[in-house]
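[1] any chance you could fold what I've pasted below:
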Amino acid sequence: MKKRINDFPTIGEKRLLDTDDVCVYLSVGRNVARDFAKRIGAQVKIGRRVLYDKAIIDNYFDKQAAKEIKEVV
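    Numbering: from 1, shown residues only. So this is what the prediction gives:
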């Protein structure tokens with residue numbers, strides 16, 4: 001049975017994002033998104049394909065938010 005476009009998961013449901021999805025998720029451009037994800041270790045290579053781990057990106061921002069809260073208190 002063929003999958004329809006509506007059957008595919010949305011960005012919120014995916015663990016690994018492609019370049020276009022990570023740009024939308026981070027609300028930045030292509031080069032900034034790729035450089036940022038690579039710098040924090042979220043880049044995952046599967047064969048020739050490059051994907052970005054959303055859990056690592058979320059964890060990075062959670063740690064940054066926790067660090068800022070500690071500095072304020």
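[2] starting at the chain centroid, how far to the helix or strand where residue 32 lies?
    Using DSSP states H and E, residue 32 maps to helix 30-39. For helix 30-39, the gap between its own C-alpha mean and the chain's C-alpha mean amounts to 10 Å (CA atoms, centre = their mean, to the nearest Å).
[3] so how far is residue 52 from residue 29?
    14 Å (CB to CB, to the nearest Å). From N, CA and C alone the C-beta is placed, and that goes for glycine too.
[4] higher neighbour count, these two?
    Remark: of residue 29 and residue 52, residue 52 carries more neighbours, 25 against 10, as counted by other CB atoms under 10 Å.
[5] which other helices and strands contact the longest helix seen in the chain?
    As far as residue count goes, and with DSSP state H defining each element, the longest helix of the chain is helix 54-72. Using 3 or more CB pairs under 8 Å, 6 or more residues apart in numbering; DSSP states H and E as the contact test, the elements touching helix 54-72 are helix 19-26.
[6] contacts for the longest helix of the chain, please.
    Helix 54-72 is contacted by residues 11, 14-17, 22, 25-26, 37, 40-42 when judged by CB atoms under 8 Å, 6 or more residues apart in numbering.
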